[in-house]
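A.B. asks: sequence isn't available, so here's the structure alone:
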């Protein structure tokens, strides 16, 4: 399953939000939802197949954790869809340089100008 399909389900999104706080047991994750523990386990299995969660067996318990690396395709798509700035960042650097030059020129020419006014 790809991460986009996995994220399409509101229960799986809620499970990922819960895993942001840290690893959790299936029983603890299931307690927060009105569906059965086997249904939560199925959702968690799909999240692991999509690369969005990892699982670790600790004795009889399974602990699930968020796997942020699985979000890379989603982040890449969102970055691709983000609008480009209306001008290049280099243009801002040039503007900054020009403003600094103008301020410097005005500050060096100001004492001469004040002397003419007082004469």
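C.D. replies: Good, I have the coordinates. Being a predicted model, the structure only gives us computed values, none of them experimental. Numbers count the residues shown, from 1 in each chain.

A.B. asks: could you measure the residue nearest to residue 9 when sequence neighbours are not counted against residue 87, distance?
C.D. replies: The shortest distance from residue 9 to any non-neighbouring residue, by C-beta to C-beta, 6 or more residues apart in numbering, is to residue 43 (7.0 Å). C-beta here means a position set from N, CA and C on the backbone, and glycine is covered the same way. From residue 43 over to residue 87 the distance is 45 Å, taken as C-beta to C-beta, to the nearest Å.

A.B. asks: figure out the length between the terminal residues of stretch 79-91.
C.D. replies: 22 Å (C-alpha to C-alpha, to the nearest Å).

A.B. asks: ditto for stretch 66-77
C.D. replies: This stretch, stretch 66-77, spans 20 Å end to end (C-alpha to C-alpha).

A.B. asks: check stretch 29-46 too.
C.D. replies: With C-alpha to C-alpha as the measure, the first residue of stretch 29-46 is 15 Å from its last.

A.B. asks: that stretch: how far from the chain's middle?
C.D. replies: Relative to its chain's centre, stretch 29-46 lies at 26 Å (C-alpha atoms, centre = their mean, to the nearest Å).

A.B. asks: show me which positions of stretch 56-64 end up buried.
C.D. replies: 62, 64 (16 or more other C-beta atoms under 10 Å).

A.B. asks: er, stretch 2-10 actually
C.D. replies: Judged by neighbour count using 16+ other C-beta under 10 Å, the buried positions of stretch 2-10 are 3, 6, 7.

A.B. asks: am I right that the second one is in a strand?
C.D. replies: The reference is to residue 6. No: according to DSSP: H, G, I helix; E, B strand; the rest coil, residue 6 belongs to no strand; its state is helix.

A.B. asks: any idea how far it lies from residue 67?
C.D. replies: Relative to residue 67, residue 6 is positioned 11 Å away (C-beta to C-beta).

A.B. asks: got any residues that touch both of these two?
C.D. replies: Shared contacts of residue 6 and residue 67 (C-beta atoms under 8 Å, 6 or more residues apart in numbering): residue 52.
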